[in-house]
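A.B. asks: can't give you the sequence, but here's the structure:
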Ligand SMILES: [Zn+2]
């Protein structure tokens, strides 16, 4: 199953048929609340991790994934928009935010829930790519949302932190959306109780 990265453009994998799907940490794992460290040099181990994250993201059918979610406190995110090649961003930063909009959001580390939160209309974003080149872009829509979500992860922030009210958090259950599970901001939904996600999983 070689559907990742268009085969070769990101880096030549040493083990061509290797598909590395890593376990995704779930709330309330403490690593999800830690700040990831800056990557000092983009060497083979960083690229390998980034590729494993892409494999993991594709397997989970998500839009983005941050290294914290696979237990690595390094500032690495991967993003995959529908119909596009996955992208690797190292030491990513939201440089500027403009405007506000309400969005629905889910998270691969908080399965079975989605919430309505406020994100930026536009973000200006900077990072290094897999070749250590500086990338700067302005993003809106799903990409802008995913970049904000993933950079938040690197800072130990979850979309739950942006909820204005617990009524804005919905438990995904067929035909029913209860919010009783969430009572406090600490209150992470108990992963044991969760259903499979049925919404766009930002990551
Ligand atoms: Zn997430």
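C.D. replies: All right, it came through fine. Fair warning: this is a prediction, and the values are worked out from it, not measured in the lab.
A.B. asks: Provide a list of residues in contact with residue 140.
C.D. replies: By C-beta atoms under 8 Å, 6 or more residues apart in numbering, the contact set of residue 140 is 121, 122, 123. To be clear about C-beta, it is placed using only N, CA and C from the backbone, and glycine gets the same treatment.
A.B. asks: Where does this structure get nearest to the ion, which residue?
C.D. replies: Nearest residue of the chain to the ion (C-beta to the ion) works out as residue 107 at 3.2 Å.
A.B. asks: Surely that residue is in contact with residue 158?
C.D. replies: Yes. Between residue 107 and residue 158 there is a contact at 6.5 Å, judged by C-beta atoms under 8 Å.
A.B. asks: Settle it for me: which of these two has more neighbours?
C.D. replies: Using other C-beta atoms under 10 Å, the more surrounded residue of residue 107 and residue 158 is residue 107, with 27 against 20.
A.B. asks: quick one: secondary structure of that one?
C.D. replies: coil (DSSP: H, G, I helix; E, B strand; the rest coil).
A.B. asks: excluding its backbone neighbours, what's nearest it?
C.D. replies: Of all residues not flanking residue 107 in the chain, residue 159 sits nearest, at 5.7 Å (C-beta to C-beta, 6 or more residues apart in numbering).
A.B. asks: So which residues of the protein form helices?
C.D. replies: Secondary structure of the chain (DSSP state H): helices at 44-60, 141-154.
A.B. asks: what's in contact with stretch 34-42?
C.D. replies: For stretch 34-42, the surrounding residues in contact (C-beta under 8 Å, 6+ apart) are 46, 66-68, 72-76, 90-91, 128, 130, 132, 153-156.
A.B. asks: Repeat the analysis, applying 10 Å as the threshold.
C.D. replies: 46, 49-50, 66-68, 72-77, 88, 90-91, 128-133, 151, 153-157 (C-beta atoms under 10 Å, 6 or more residues apart in numbering).
A.B. asks: Keep only those of those residues that are in strands.
C.D. replies: Under the assignment DSSP state E, the contacts of stretch 34-42 contribute 66, 76, 77, 88, 90, 91, 128 to strands.
A.B. asks: Make CSV from these and add distance to residue 115 to it.
C.D. replies: CSV is the format used below for those (distance: C-beta to C-beta, whole Å):
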residue, distance to residue 115
66, 18
76, 25
77, 20
88, 27
90, 28
91, 28
128, 31
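A.B. asks: picking that back up, so which of the helices of the chain is the most surrounded?
C.D. replies: The highest mean neighbour count among the helices of the chain, using mean count of other C-beta atoms under 10 Å, belongs to helix 141-154: a mean of 22.
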